[in-house]
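>>> Here is a sequence with its predicted model. Questions after.
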Amino acid sequence: MGGGVMYKLKSPDVYASEIAGFLNSLLQGPDFVVNNPTSLRDISDNSFFYIDKGADLPSELLRKHKNVLILSSKKIDLPENTISYIETKSPRSAFMKTVNEFYIEFDSVAIAESSTVHRQDLLGRGVSVGEHTVIGPEVSVGNYTKVLNNVVISGRVKIGNHCLIKDNTTIGSEGFDFECDEDGILVHGPQIGEIVIGSNVWIGANTSIEKSFVDKTIIQDNVKIDDLVQIGGSSSIHKNTMITAGVIVSRNVTVGENCLLSPNVSVRDSIQIGNDVTIGIGSVVVKDMPEGAVYVGNPARLLRKNK
């Protein structure tokens, strides 16, 4: 298997009404087979696409094709009787979910020949492992998770379903954890803490997630971590939080739910960040941040509270 394996597109005979049911919505217009997810610019017969708020409906293109399904955030005056639409609050995310559900084919576990996986029995269904990757003997990986190239995962690590771990990332490396003894000599404690990563987590390229002395390091469901991020041991990143490129999260930090850490934010050790917090580009966090607010600067300070 080649490196960087992602997705294989398939063309099933899915009816527009099935897609509407999956999205818990109603189909407006006729029902027909839809077997080709496409973009606004590449409409074809029996295809479907989404249209963002404010975008113009490509009426000329639609007149040239039949059996076209549109995901839209508003009602549409149907130009032809072979065009249908599904109204949804977030057309782009609905399109993504639909493609994942009906149009992506996952094979059984696929491991590149150049990679080392110590316990294949701990890999779930549909897992793929890219080139030159090492997965240690205490690592379990959930269903349909994709581990790309040159990744090292070691120690006691649990990874959930439908995750993506990009190139050159390290999970379970030794934490930078030292303590002075009575003679002033720096002593490094054995890093035996577990790392628990939830489902639907995205971990970017060249990112490091360290294990800790004894505490768990936790990345909850639906967390998205960009490239070039470092997360210290015993930290906890709560669900639906986005951590963008170049962020440094030190040891024993808690980041709440639905937060956004903008590029190049630095967070000192043992900081508590509440839910629904946004931290601006390049900010340096040196004290706790209550929930529901925007913080910016060096040191980071309150800009405004969320409405």
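Nice, thanks for sending it over. All of these numbers come straight from a predicted model, not from anything done at the bench.

>>> backbone phi and psi for the residue of the chain most remote from its centre, please?
Distance from the C-alpha centroid of the chain, by C-alpha atoms, centre = their mean, peaks at Asp183 (45.6 Å). Here is the backbone geometry of Asp183 (degrees, to the nearest 10): phi -100, psi 10.

>>> same thing with Arg92?
Backbone torsions of Arg92, given as degrees, to the nearest 10, read phi -70, psi -50.

>>> Now do the same contact list for it.
Tyr50, Asp52 (C-beta atoms under 8 Å, 6 or more residues apart in numbering). C-beta coordinates here come from the backbone N, C-alpha and C atoms, glycine included.

>>> Any figure for the gap between it and Arg301?
According to C-beta to C-beta, to the nearest Å, Arg92 stands 34 Å off from Arg301.

>>> Work out which residue lies at the spatial centre of the chain.
Residue closest to the chain centre, computed by C-alpha atoms, centre = their mean, is Trp202 at 2.9 Å.

>>> Hmm, Cys180 is touching Leu186, no?
Yes. Counting by C-beta atoms under 8 Å, Cys180 does reach Leu186; the two are 6.0 Å apart.

>>> Could you find the closest non-adjacent residue to the residue nearest to the centre of the chain?
Leaving aside its sequence neighbours, Trp202 sits nearest to Lys224 (C-beta to C-beta, 6 or more residues apart in numbering; 4.5 Å).

>>> thought Gln120 was touching Val127?
No. Taking contacts as C-beta under 8 Å, Gln120 lies outside contact range of Val127: 9.1 Å.

>>> between these two, which one's more packed in?
Ranked by neighbour count (other C-beta atoms under 10 Å), Gln120 and Val127 place Val127 first, with 26 against 12.

>>> OK, contacts around the more buried one?
Neighbours of Val127 in contact, by C-beta under 8 Å, 6+ apart: Val109, Ala110, Val141, Gly142, Asn143, Tyr144, Thr145, Lys146, Val147.

>>> let's see it at 7 Å
By C-beta atoms under 7 Å, 6 or more residues apart in numbering, the contact list for Val127 reads Val109, Val141, Tyr144, Thr145.

>>> The residue nearest to Asn264 when sequence neighbours are not counted: neighbour count?
Excluding its sequence neighbours, the residue lying closest to Asn264 (C-beta to C-beta, 6+ apart) is Gly246, at 4.2 Å. Neighbourhood size, Gly246 [other C-beta under 10 Å]: 18.

>>> what's the answer for Val33, then?
Val33, neighbours per other C-beta under 10 Å, totals 16.

>>> quick one, what contacts it?
Asp13, Val14, Tyr15, Asn46.

>>> where does the protein dip in pLDDT?
Counting by pLDDT under 70, the chain contains low-confidence ranges at 1-11, 79-81, 106-108.
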